[in-house]
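> Model the following, please.
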Amino acid sequence: MKLRATLFGILILIATLPIGAGERISVKVSPAVAFAPANLVVRALIEADQENRAVEIIAESADFYRSSQIQLEGENAPRVSTFEFRSLPPGTYEVRALLLGSGGAQRAFARQTINVIASGAGH
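Okay, the predicted model is just below:
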């Protein structure tokens, strides 16, 4: 009976932990596959910390590069920062989220790969 109560307690503890516990930043890009010219929505989920100063999002393929950066107010910053990249041309993109601290030092990063497919409509 004591073992069952202990296992139940552990399960409850695990269930209450936030997803990605221990990660300072994670990134979700949608859609994962799109037709060009593509509009991407990037959500950076950021763990609250007084050392957080900025988040930079980069979308990069072999032929294209775009980035955006916003300042953060340490632990008072929103947990989710949303970015939108419009009209991306065809290619395989690595989307990176960089969490920056004092002096621009990188504290953490996350990345996701997405594909933008040529539409086939002869332009």
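
> Spatially central residue in the protein, please.
Against the mean C-alpha coordinate of the chain, by C-alpha atoms, centre = their mean, the closest residue is Val27 at 1.5 Å.

> And the strand ranked longest in the chain, what does it pack against?
Ranked by number of residues, the top strand in the chain under DSSP state E is strand 106-117. Under the contact criterion of 3 or more C-beta pairs under 8 Å, 6 or more residues apart in numbering; DSSP states H and E, strand 106-117 touches strand 25-30, strand 33-35, strand 38-46, strand 91-100. To be clear about C-beta, it is placed using only N, CA and C from the backbone, and glycine gets the same treatment.

> So which bits of stretch 46-60 are buried?
Within stretch 46-60, the residues that count as buried by 16 or more other C-beta atoms under 10 Å are Ile46, Glu47, Asp49, Asn52, Arg53, Ala54, Val55, Glu56, Ile57, Ile58, Ala59, Glu60.

> Inside strands: which ones of those residues?
Those of the buried residues of stretch 46-60 lying in strands (DSSP E): Ile46, Ala54, Val55, Glu56, Ile57, Ile58, Ala59, Glu60.

> Relative to Ala108, which of those is nearest.
Minimum distance to Ala108 across these is 8.9 Å, recorded for Ile46 (C-beta to C-beta).

> quick revisit: just to check, the residue nearest to the centre of the chain is in contact with Ile46?
No: between Val27 and Ile46 there is no contact, the gap being 9.9 Å when judged by C-beta atoms under 8 Å.
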